[in-house]
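Trainee: Provided below are the primary sequence and the corresponding predicted coordinates.
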Amino acid sequence: MWEQITSNRVKSGVLVVFFVAFVVFLGWIFGKTTVWGPYAPILAAIIAGVGAFVSYYKSDQLVLAISKARPVEKAQYPHLYNSVEGLAIAAGLPTPQMYVIEDSAPNAFATGRNPEHAAIAVTTGLLEKLNRTELEGVIGHEMSHIADYDTLLMTVTVVLVGTVALVSDWMLRSFIWGGRRRSRSSGGGQAGMILMLVAVALAILSPIIAQLIRLAISRRREFLADANAARLTRYPEGLASALEKISRDTEPLEVANKATAHLYIENPLKEHRGAMNKLFSTHPAVEERVAALRAM
């Protein structure tokens, strides 16, 4: 378990560093091939920074509103609150705010910029279909996301993906509407042509590359949260059984969409589970996660 935790932390960090470097490189290419010049990478960095700042303070409220989650009191769901409070103590964290989504599909997610401003949302279907040990496994998974600041990490990567998409769109529009540099100012000759071809290819492929990086980070964090949940509950089988039940459930989560799917403990978009969609999945295969838990 500790080897998995260390490996996932290192690999996630490397992916984020590569992601940031990719944004800067894309901005540099944009500047070299368009009239934006040295201002392009600076502008890309400003947009990413502003987006990250706004997301840092407002992303949790936005996600909860989109998901139609409502706050609940301890008297309404005492068994849920007891599980959350107990695992918060075990993790050494403040007790997160609790929200419930009125939906029969079993699922859950955590949000918030830090443990002091965190929230866990579960569906009514999760409360109805899971037993106590399975529920504790799910809560332990979400508590681990909060403890490891995964909710903040995923917010940052989403902003970076948006920045890459925006810069790519600017590049394509500049090429179409004549905003690119003349060959003399961009180096001229064969080198200038090669740079232009590279820029066009990056403008087209960058959003796809950025999305794949984001999904890779998301999948890494799911394995890490599973391992930490097993450490908190001291019972890996609880989460393993919960994941099997959630994945076998055929009801789609109505309030979920592609923007919020990566937050949930298991992919809530049942219609996007074909073979071609595995590459773009926000979650590892349930079979792999269950096998890792049962090997602990």
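Mentor: Perfect, thanks for sending it. Residues are numbered from 1 along each chain as shown.

Trainee: stretch 75-86: which residues count as buried?
Mentor: If you call a residue buried by 16 or more other C-beta atoms under 10 Å, then stretch 75-86 has these buried ones: Tyr77, Leu80, Tyr81, Ser83, Val84, Gly86. (C-beta placed from N, C-alpha, C; glycine too.)

Trainee: any idea how far Gly51 is from Leu160?
Mentor: Gly51 sits 9 Å away from Leu160, going by C-beta to C-beta, to the nearest Å.

Trainee: which residue of those two possesses the greater neighbour count?
Mentor: Set side by side, Gly51 and Leu160 show more neighbours around Leu160, with 23 against 18, by other C-beta atoms under 10 Å.

Trainee: what about the stretch 1-150 of the chain, any weak spots by pLDDT?
Mentor: 1-9, 11-12, 15, 35-36 (pLDDT under 70).

Trainee: repeat that with 90
Mentor: For the stretch 1-150 of the chain, the stretches flagged by pLDDT under 90 are 1-63, 66, 73-75, 112-114, 147-150.

Trainee: all the strands of it, in order from the start?
Mentor: For the stretch 1-150 of the chain, strands defined by DSSP state E, counting those that start in this stretch occupy the ranges 69-71, 97-101, 108-111, 119-123.

Trainee: need these in a markdown table with mean neighbour count and distance to Ile139, can you?
Mentor: Below are those laid out as a markdown table (neighbours: other C-beta atoms under 10 Å; distance: least, C-beta to C-beta, whole Å):
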| stretch | mean neighbour count | distance to Ile139 |
| --- | --- | --- |
| strand 69-71 | 16 | 15 |
| strand 97-101 | 20 | 10 |
| strand 108-111 | 27 | 8 |
| strand 119-123 | 26 | 7 |
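
Trainee: of all those, which lies closest to Leu243?
Mentor: For the strands of the stretch 1-150 of the chain, the distance to Leu243 is smallest for strand 108-111, at 11.4 Å, taking C-beta to C-beta.

Trainee: gap between the closest one and the chain center?
Mentor: Centroid displacement of strand 108-111 relative to its chain, using C-alpha atoms, centre = their mean, to the nearest Å, is 11 Å.

Trainee: got it, and stretch 219-234?
Mentor: That offset, for stretch 219-234, works out to 15 Å (C-alpha atoms, centre = their mean).
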